[in-house]
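Trainee: how would this look folded up:
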Amino acid sequence: MGLANLKPALDACRRCPIGTCATQGVPGEGPRNAALMIVGEQPGDAEDLVGRPFVGPAGQIFDRAAKAAGLDRSASYVTNAVKHFKFQARGKKRLHQRPTQDEISVCRWWLDLERREIAPGLLVAMGATAAGALTGSEANILVRRGNVETTSDGSRVLITLHPSFILRLTDQIAQSRAEAQLTDDLRLAVQLARQTAE
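Mentor: Numbers count the residues shown, from 1 in each chain. The predicted model follows:
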């Protein structure tokens, strides 16, 4: 099992119930030699339909912040902690549901595979689910953001906000502040990855 056959394996995955409801599995994308691995929570509605990570509204915020931070998305490996879209149907809408700890734990196998194959110099955990999958703790993301922590195997993880958190903020000033924080964290990620490469 490797990145070459990751997509069909994810499509067939039924290790947890989410895979039976989603349209398809959504693997990460990016070069095999990426110095940065960006990890989010799970695919959203747009990602589930298209089959690529971060292409919906949260992806637009991520792309904007990445551009402002000088982060080249095409040179990074972008993925999620959970590979299928968990949702609740409301009429024609599919509303995001947060994955459970069991679902995150079961799906960690796929994330670990991607980490082994890519071997990035730095991981960026966007949001509580990604932070939990990588560090074992989902707590206090607003306090931890901007800090570098480690996985159980010693890999470095920069904690930051998830773009969907920014989307959920109703105050425009709070949204702008949170996006600036995400941009600052991604800028730091670029610097740290560059230092590692040197």
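Trainee: drop to CA atoms for contacts and neighbour counts, all remaining ones
Mentor: Will do.
Trainee: Against residue 109, how distant is the closest residue to residue 151 other than its chain neighbours?
Mentor: Using Cα to Cα, 6 or more residues apart in numbering and skipping residues adjacent in sequence, the residue nearest residue 151 is residue 135, 4.8 Å away. Computed as Cα to Cα, to the nearest Å, the residue 135 to residue 109 distance reads 15 Å.
Trainee: Between the two, point out the one with more neighbours.
Mentor: residue 135 (20 against 13; other Cα atoms under 10 Å).
Trainee: For that one, which residues are in contact?
Mentor: By Cα atoms under 8 Å, 6 or more residues apart in numbering, the residues touching residue 135 are 149-152, 157.
Trainee: Using CSV, please lay out those residues together with secondary structure and pLDDT.
Mentor: What follows is the contacts of residue 135, written out as CSV (DSSP: H, G, I helix; E, B strand; the rest coil; pLDDT from 0 to 100):
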residue, secondary structure, pLDDT
149, strand, 97
150, strand, 96
151, coil, 95
152, coil, 92
157, strand, 98
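Trainee: and which of those is nearest to residue 61?
Mentor: Closest approach between the contacts of residue 135 and residue 61, by Cα to Cα: residue 157, at 20.8 Å.
Trainee: so who does that closest one touch?
Mentor: 122-125, 134-135, 148-151.
Trainee: Quick check: closest non-adjacent residue to it.
Mentor: residue 123 (4.6 Å).
Trainee: What is the neighbour count of the one you found?
Mentor: Residue 123 has 28 nearby residues by other Cα under 10 Å.
Trainee: Dihedrals phi and psi, it?
Mentor: Residue 123 has phi and psi values of phi -100, psi 140 when expressed as degrees, to the nearest 10.
Trainee: At the geometric centre of this protein, which residue do we find?
Mentor: Computing the C-alpha centroid of the chain and ranking residues by Cα atoms, centre = their mean puts residue 40 first, at 1.5 Å.
Trainee: how far away is that one from residue 87?
Mentor: Relative to residue 87, and taking Cα to Cα, residue 40 is found at 16 Å.
Trainee: Could you do residue 60 as well?
Mentor: Counting by Cα to Cα, the gap from residue 60 to residue 87 is 20 Å.
Trainee: Likewise for residue 66?
Mentor: Relative to residue 87, and taking Cα to Cα, residue 66 is found at 27 Å.
Trainee: Repeat that for residue 22.
Mentor: Residue 22 is 8 Å from residue 87, by Cα to Cα.
Trainee: coming back round to it: who has more neighbours, residue 60 and residue 87?
Mentor: Higher neighbour count among residue 60 and residue 87: residue 87, with 18 against 13, using other Cα under 10 Å.
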